[in-house]
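Visitor: Build me a model:
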Amino acid sequence: MCDTFVALPPATKDGSVVFAKNSDRPAGEAQGIRTYPAARHAPGARLACTYIEIPQAPETHAVLLSQIGWMWGAEMGANDAGVVIGNEAVWTRERLGPPALLGMDLVRLGLERGATADRAVDVIVELLETHGQGGACAENDPGFTYHNSFLVADAREAWVLETADRTWAAERVAEGWRNISNGLTIRVGYDKASKAVREARPRPDFAATFAADGGGVLAGSRQDWGTRLLAAEAGRITPETMMDLLADHDSGICMHGAFETTASMVSELFPDGRHRHWMTGRPHPCRTRFEEVAFPSAEAAE
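Guide: Residues are numbered from 1 along each chain as shown. Predicted coordinates:
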């Protein structure tokens, strides 16, 4: 499940960019706050992700992650360049492939390798097209698998990236607010797309073409609620606004039950390079304190 939000000027109170996400996962699944330092890697190094190995990058950013205990990737996180990413499960008309990169692996890879939001999107789609996405997304349920959408932001802009197997489209968000939940929402206004989408004539409606349910936002859905809650606070959105939104029960954004909100994150990104991050690392933001988390400072080398 999950809900991810971003607010940009002029929707924010102080001109910052504010990002937030609830991670909704099987009840009781552990999710912890982890930090990994920036690193340089030897030529030819390989990287073991959750299910597959891929070539390692020459250098990686320091990252702060909300990480599920059994997987390499992360539900959400930030890097030392001020990039933040969260992902969502989506169900599409495209096949569900064999074990490959999980959406959570792609979150971490985008953060480790992307110095800007724009570059992180490019990292994710390059890896997606090369290696594919697939594999069980729950430790004890091999049938729980899905495709992914992502919300990627820095202090200048945000991107919504939606995928259907190795096909994708990305929409730039320059101002105001945007939120994503568990469906495809990009129509024809995308700014980047995979080759087959770019070259199709007429320009395809991405959500209508690839979503299992036809795409769009249903009235009364968590995404619809989230959009309306953000709109009501436009011009005065702060990190505290987002923390309150993540704890909202009427909308179902704060989730309880067989699936529950197992961890939450809020980030504030400033044009001067400052960035602050708050995480829970525990379930239920309605009753869990957000703690500010700092980055590791040391650089590691392999």
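
Visitor: Bridging across strands, which residues link to the residue nearest the centre of the chain?
Guide: Residue closest to the average C-alpha location in the chain (CA atoms, centre = their mean): G86, at 1.6 Å. G86 forms beta bridges with M76, L151, as assigned by DSSP bridges.

Visitor: got it, and the one 4 residues further on?
Guide: Assessed by DSSP bridges, V90 has beta-bridge partners H147.

Visitor: got a list of what it touches?
Guide: V90 makes contact with Y146, H147, N148, S149, E162, T163, A164, N182, G183, L184, A211 under the criterion CB atoms under 8 Å, 6 or more residues apart in numbering. From N, CA and C alone the C-beta is placed, and that goes for glycine too.

Visitor: ok, now L245?
Guide: F5, A20, G226, L229, L230, I253.

Visitor: if you set the cut-off to 7 Å instead, what comes out?
Guide: F5, A20, L229, I253 (CB atoms under 7 Å, 6 or more residues apart in numbering).

Visitor: for G132, same thing?
Guide: G97, A100, L101, R166.

Visitor: Over to K21?
Guide: C2, D3, T4, M76, G86, S264, M265.

Visitor: Now, these that are in strands?
Guide: Taking DSSP state E as the definition of strands, the contacts of K21 contribute D3, T4, M76, G86, S264, M265.

Visitor: buried stuff in the host helix or strand of E126?
Guide: Element membership for E126 (DSSP states H and E) is helix 117-131. In terms of neighbour count (16 or more other CB atoms under 10 Å), helix 117-131 has its buried residues at A117, D118, R119, A120, V121, D122, V123, I124, V125, L127, L128, H131.

Visitor: Okay, A117 and E268: tell me how far apart.
Guide: Distance, A117 to E268, using CB to CB, to the nearest Å: 15 Å.

Visitor: Pull the number of nearby residues for G134.
Guide: As a burial measure, G134 scores 21 neighbours (other CB atoms under 10 Å).

Visitor: Any idea what it is bridged to?
Guide: Judged by DSSP bridges, the bridge partners of G134 are G97.

Visitor: Hmm, D105 and it touching each other?
Guide: No. When contacts are counted by CB atoms under 7 Å, G134 is not listed as touching D105 (10.7 Å).

Visitor: Walking through the stretch 101-250 of the chain, point out its strands one by one.
Guide: Ranges of strands within the stretch 101-250 of the chain are 147-153, 158-164, 167-173, 177-180, 192-193, based on DSSP state E, counting those that start in this stretch.

Visitor: quick one: the second one to strand 147-153, angle?
Guide: Strand 158-164 and strand 147-153 meet at an angle of 170 degrees, taking axes from the mean of the first three to the mean of the last three CA atoms, to 10 degrees as the criterion.
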